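> here is my input, please return the structure:
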Amino acid sequence: MLYRYMAGAVAARTGDEMSGPALLVAGLAVTGSPLTASWLLAGLTVSAAFGGPLLGVLLDRARRPGRLLACCLLGYATGLLLVLYGLGRVPDAALIGVAVVAGLLGPALTGGWTAQLPRVAGPERLSRANALDSMSYNVAGLAGPAVVGLVASAGGGTATVLVCAGLLVAALPAAWSLPPVRARSAAPAAVPASPATVCAHPAAPAAPAAPGSPGSPGDGGAAGRGRAIRVELIEGFAVIWRNATLRRATAGSAVSCCGLAMLVVSAPVRGAELTGESGHGALLLAVTAASGLAANAVIAAWGRVRRWDRVLVRGTAVLGAGMALAAGAGTFWAAVVAAAVAGAGEGPQLTALFSVRHREAPARLRSQVFTTGASLKITSFAIGSALAGPLAAYSASSTLVAGAVLQAVAVAVLTAGRRDKGSPGEASRSARGGR
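Below is the predicted model of the structure:
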């Protein structure tokens, strides 16, 4: 089951990594307008902040969350294909709206999928499975942009969106077969639902609501369910806020992701500064992703790590150190070493973040914790990209320094108010209080 999960995760996340560049390339190829292409990319990413928390609630309420994930994959792929079909045929504003709607489903491909890992791996294999899951992000980060470049060169800009949608569809069987939520009490066996039924009604609660409770038949039907979802949304945010460890991890990772965007935006400019060719900047990003992949492979082979809180802090610090080294690099090979240092921090940082979330999140709210965190990171990355653009036009080194400063801020956030340096004891007590 874990191998099927990983295969689906790699396909879905590679498609996700391709989706933004693919829309950018396709929009530019068809319309010839950089403005339209950039707005399509912005629309696809900016709506994640709104879609993540709601998707988390629906996944937590679903009897078969994997089937809801499959519907999200299908919806995301359909949105991309609609945008592709409409390029040059319908007004740009309508296409941007479609991209925004598709972007609402984006957190399902990241945090929503990872939230299902405990049911796939079990508690005894969760530490290693977390490292493997993080490696799927590194693989996707390496393969996604590379596939876009190869396909665009061979088949044109529009072909990139088709390949991206194909990868998302290829992940459907793995998502559909993810294990169901175990019933808390004995119940009659249900008739298996068809894909069409699940997509139409994805958020069925795990057990019938008690009479008089929100969402019960006596509580106004759809209106009651709407109130119940609102209550769960508030409860999910409250768990993140009241649990000090989750609050620090969520806020710190969002700040760090904003700084990471500055590395991504400035890398091509830095490559051009050092070698005269911006393509070498893409190589720096590939080195960063490969280094993160190697670091996570070591963690997966090593086995159990007890103090993930410390790994999260130290990984963030190493990422910032790599960015600072890249800012001061005098040669391209020095920048390559700096990129490797950054990746050695970024890979374990992501594994540690997942481990902290799995440990701290109440089981019934786990999906919401993951998708909310993912949506905040996606949005903070978009903000960081927007800030980095003008700054990189002035100086790539200044952009990297700003990114390193943000990593330092993230370290400060992650360590603020910690009573026990990395001990899971405080976190466990806090999590039980939220259960």
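
> could you find the closest non-adjacent residue to residue 269?
In space, residue 269 comes closest to residue 396 once its chain neighbours are excluded; the distance is 3.9 Å by CB to CB, 6 or more residues apart in numbering. All C-beta atoms are positioned from the backbone trio N, CA, C, and that covers glycine.

> I figured that neighbour hits residue 264, correct?
No - under the criterion of CB atoms under 8 Å, residue 396 is not in contact with residue 264, lying 11.7 Å apart.

> neighbour-wise, which of the two wins?
residue 396 (25 against 19; other CB atoms under 10 Å).

> for that one, grab phi and psi.
Dihedral pair for residue 396: phi -70, psi -40, per degrees, to the nearest 10.

> what of residue 178?
Here is the backbone geometry of residue 178 (degrees, to the nearest 10): phi -60, psi 140.

> adjust the sequence numbering to begin at 6 for everything that follows.
New numbering, starting at 6: the last item is residue 183.

> residues near it, how many?
Residue 183 has 22 nearby residues by other CB under 10 Å.

> pLDDT value on it, please?
Listed pLDDT for residue 183 reads 89.

> now it: closest residue in space that isn't a chain neighbour?
Distance criterion CB to CB, 6+ apart; nearest residue to residue 183, sequence neighbours excluded, is residue 71 at 2.8 Å.

> distance of that neighbour from residue 82?
The gap separating residue 71 from residue 82 is 17 Å, by CB to CB, to the nearest Å.

> and for residue 366?
As judged by CB to CB, residue 366 and residue 82 stand 28 Å apart.

> can you pull out the helices in the stretch 56-205 of the chain?
Secondary structure of the stretch 56-205 of the chain (DSSP state H, counting those that start in this stretch): helices located at 70-91, 97-108, 111-112, 118-119, 122-126, 131-160, 162-175, 177-181, 200-205.

> quick one: residues contacting the residue nearest to residue 402 when sequence neighbours are not counted.
Spatially, and ignoring its direct neighbours in sequence, residue 402 is nearest to residue 332 (4.5 Å; CB to CB, 6+ apart). Contacts for residue 332 (CB atoms under 8 Å, 6 or more residues apart in numbering) come out as 401-403, 405-406, 409.

> near the closest residue to residue 390 other than its chain neighbours, how many other residues are there?
Closest residue to residue 390 apart from its sequence neighbours, by CB to CB, 6+ apart: residue 266 at 4.5 Å. The local packing of residue 266 (other CB under 10 Å) involves 24 other residues.

> I'd like to know how far residue 266 sits from residue 360.
23 Å.

> pull the longest helix from the protein.
Of all segments of type helix in the chain, defined using DSSP state H, the longest is helix 249-280.

> what's the first helix or strand after that helix?
helix 284-307 (DSSP states H and E).

> how far does that next one sit from its chain's centre?
Relative to the centre of its chain, helix 284-307 is centred 17 Å away, using CA atoms, centre = their mean, to the nearest Å.

> so which bits of the next helix or strand along the chain from that helix are buried?
Counting by DSSP H and E, the element after helix 284-307 in chain order, helix or strand, is helix 313-333. Along helix 313-333, these residues count as buried under the neighbour rule (16 or more other CB atoms under 10 Å): 313-332.

> what's the mean pLDDT across helix 313-333?
For helix 313-333, the per-residue pLDDT averages 93.

> and the following helix or strand past that helix, how far out from the chain's middle?
Where DSSP H and E defines the elements, the next helix or strand beyond helix 313-333 is helix 337-365. Distance, stretch centre to chain centre, for helix 337-365: 15 Å (CA atoms, centre = their mean).

> the residue lying closest to residue 347 once chain neighbours are set aside: what's it in contact with?
Nearest residue to residue 347, sequence neighbours excluded (CB to CB, 6+ apart): residue 327, at 2.8 Å. Taking CB under 8 Å, 6+ apart, we find residue 327 in contact with 293, 343-350.

> thought residue 336 was touching residue 279?
Yes - using CB under 8 Å, residue 336 makes contact with residue 279 at a distance of 6.6 Å.

> these two: who's more crowded?
residue 279 (21 against 10).

> now do that one against residue 340, distance only.
Counting by CB to CB - residue 279 and residue 340 are separated by 6 Å.

> ok, now residue 405?
Counting by CB to CB - residue 405 and residue 340 are separated by 10 Å.

> between those two, which contacts overlap?
275, 331.

> between these two, which is the more surrounded one?
residue 405 (32 against 27).

> what about residue 369, distance to residue 187?
Taking CB to CB, one finds residue 369 at 12 Å from residue 187.

> neighbour-wise, which of these two wins?
Under the criterion of other CB under 10 Å, the comparison of residue 369 against residue 187 puts residue 369 first, with 17 against 7.

> count the neighbours of the closest residue to that one other than its chain neighbours for me.
Nearest non-adjacent residue to residue 369, counting by CB to CB, 6+ apart: residue 65, 6.0 Å away. When neighbours are defined as other CB under 10 Å, residue 65 has 25 of them.

> my guess is residue 65 meets residue 367, correct?
No - using CB under 8 Å, residue 65 makes no contact with residue 367, being 9.5 Å away.

> related to what we said a few turns ago, as a markdown table, the contacts of residue 332 with distance to residue 303 and secondary structure would be great.
Conversion of the contacts of residue 332 to a markdown table gives the following (distance: CB to CB, whole Å; DSSP: H, G, I helix; E, B strand; the rest coil):
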| residue | distance to residue 303 | secondary structure |
| --- | --- | --- |
| 401 | 30 | helix |
| 402 | 30 | helix |
| 403 | 33 | helix |
| 405 | 26 | helix |
| 406 | 29 | helix |
| 409 | 24 | helix |
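
> run through the residues that contact the closest residue to residue 99 other than its chain neighbours.
Residue nearest to residue 99 in three dimensions, not counting chain neighbours: residue 91, with 6.8 Å by CB to CB, 6+ apart. Listed by CB under 8 Å, 6+ apart, the contact set of residue 91 reads 99-100, 103.

> okay then, goodbye and thanks.
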